[in-house]
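Asks: For reference, the sequence and a predicted model appear below.
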Amino acid sequence: MPLFIVKDEDFTGHPEAVVFSGSADLHVRKKRSPEVKYEIPCSDDETITVSELASCYRSILNKAASLKCADIAIPLLGEDSEALPKEEVLNTAVSEISAFLQNSDMLVYLKVRNPAALALPETIEKELYLSMHKQKAAAGISSALPHVLPSLGLVYPFIITPPPFDSALTRKMNSGSKTFQERLLELIKEKNADEVTVYKNANIDRKLFSRIRCNKDYTPSKNTVLALAIALRLNLQETQDLLLRAGLALSPSITFDIIVSFFIENQIYDISKINIALFRETGQYLGERSARKSENKKTEAKEK
C-alpha cells in the first residue's frame, strides 16, 4: 500500500488509526468497536532527536500492524523542532514509513501542517527551481515559482535544462499497435522487474495494478502512468511513449508535468522526493489511493 503526504487541515480520510503528535497517542477505532487509545513512547516535538523520531515511527507502525489496521494517519513528528533540519525531519519520516511499507499492505497518510516547509536536498532544490523558471519562461508563463527556493539566497553554479517535449518523436515511437497494458507488461519484462516491486514503488495498490493487468482496455490517469514510469526508471522518451499509448501527454506549461519531467531527465527515481516537490508546489502527488473507502471518487470514475 502507498504513502501519501496530506495537508493536516485538508485531510478528509477516515483511517482506522490516528496518531496525535506530542503525546504520540494511537487512537484506533474498528468497525462496531469503541475507540481504544494506546500510548506510544515519543519525546516532545521541540526536543526530539533523529533516533527518537525513527524509533517513534517504528513503534507506531508496528503497533498499528499488530492491531491489523488497514489505514493510519500520522502527523509529521518533529515538524516544530528548532534543533533538527527540516530535511532531516522529513527524510526520517519517509524513510521509516517506506521501509515499513515494503512488507506491509497498510495505507499510510503523513499529515503536515506547513507544506511550504517540506525540504529536499539543496542541490535538487536549486536545480529544480532553475529548471521550472526556464521552462515556464520558455512557455511564456507568468506564475509563482517554488516558494521555498528563493529564500536560499544562493548563486547557482550550473543549470540543468530539461529537453524539449518532442511530440513528433513520441508520435513516431507510438506508431506500433501495442496498447498501454501490453507495453507496460512488456517494459516490466524488459527491465527484469518484479510486478509487486513495481506497483509498490509506483505508490499504487495491488487492486489498482490488478485492474490494469487484467483489463487490456483499461485507461489509466496521467498520475498512474507517470508513477509507473518512475517505478520502472523510464527515460523521458519512454515515458512519453507510454503516456501516448494511454492517450495522454506531458505539457511544458503544467507545473506538475514540469516537475516530474525534471526528475526523470535527471534520473532521480525516488518517488518520495518527487512527491515532496509535487505536493509542495501543486498539492498533488504520484500514485493512487486504495480502491477501498479512501479512494478519490473522481479519479476512480475517470479510470473506469
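Replies: Noted; the coordinates are in hand.

Asks: Surely Pro41 is in contact with Arg58?
Replies: No. If you go by CB atoms under 8 Å, Pro41 and Arg58 don't touch, sitting 10.8 Å apart. In this view, the C-beta of every residue, glycine as well, is placed from N, C-alpha and C.

Asks: Which of the two has more residues huddled nearby?
Replies: Set Pro41 next to Arg58 and count neighbours by other CB atoms under 10 Å: Arg58 wins out with 15 against 10.

Asks: OK, contacts around the more buried one?
Replies: 96, 100 (CB atoms under 8 Å, 6 or more residues apart in numbering).

Asks: and it, which of the three is it?
Replies: helix (DSSP: H, G, I helix; E, B strand; the rest coil).

Asks: Tell me how far it lies from Asp217.
Replies: Note on Arg58: its distance to Asp217, by CB to CB, to the nearest Å, is 43 Å.

Asks: same question, Ala65
Replies: 37 Å.

Asks: The two: who's more crowded?
Replies: Neighbour tally, Ala65 and Asp217, criterion other CB under 10 Å: the higher count belongs to Ala65, 15 against 7.

Asks: which non-adjacent residue is nearest the more buried one?
Replies: Distances taken as CB to CB, 6 or more residues apart in numbering put Ser104 closest to Ala65, at 6.2 Å, once the chain neighbours are dropped.

Asks: ok, that neighbour - how many residues close by?
Replies: As a measure of burial, Ser104 has 17 neighbours, counting by other CB under 10 Å.

Asks: Also Gln284?
Replies: Counted with other CB under 10 Å, Gln284 comes out at 12.

Asks: One more: Leu84?
Replies: 20.

Asks: Once you drop chain neighbours, what's closest to it?
Replies: Gly78 (5.6 Å).

Asks: Is the one you found within a helix or a strand, and which one?
Replies: Counting by DSSP states H and E, no helix or strand carries Gly78.

Asks: so what's it up against?
Replies: Per CB under 8 Å, 6+ apart, neighbours of Gly78: 45, 48, 53, 84, 89, 92.

Asks: Closest one of the residues you listed to Phe180?
Replies: Thr92 (36.7 Å; CB to CB).

Asks: List phi and psi for the closest one.
Replies: phi -60, psi -40 (degrees, to the nearest 10).

Asks: Could you check how many residues crowd around the nearest residue to it once chain neighbours are set aside?
Replies: Leaving aside its chain neighbours, Thr92 sits nearest to Leu53 (4.7 Å; criterion: CB to CB, 6+ apart). Leu53 has 24 neighbours, counted by other CB under 10 Å.

Asks: just for the stretch 1-150 of the chain, where's the confidence low?
Replies: In the predicted model, the stretch 1-150 of the chain carries pLDDT under 70 at residues 1, 22-23, 45, 139-150.

Asks: how close does Glu79 get to Lys111?
Replies: From Glu79 to Lys111 the distance is 9 Å (CB to CB).

Asks: meant to ask about Asp257, not that
Replies: 26 Å.

Asks: Over to Glu9?
Replies: 9 Å.

Asks: same deal with Ala73?
Replies: As judged by CB to CB, Ala73 and Lys111 stand 6 Å apart.

Asks: what sits in contact with each of these two?
Replies: 6, 11.

Asks: neighbour count winner among Glu9 and Lys111?
Replies: The residue with more neighbours, out of Glu9 and Lys111, is Lys111; 21 against 8, by other CB under 10 Å.
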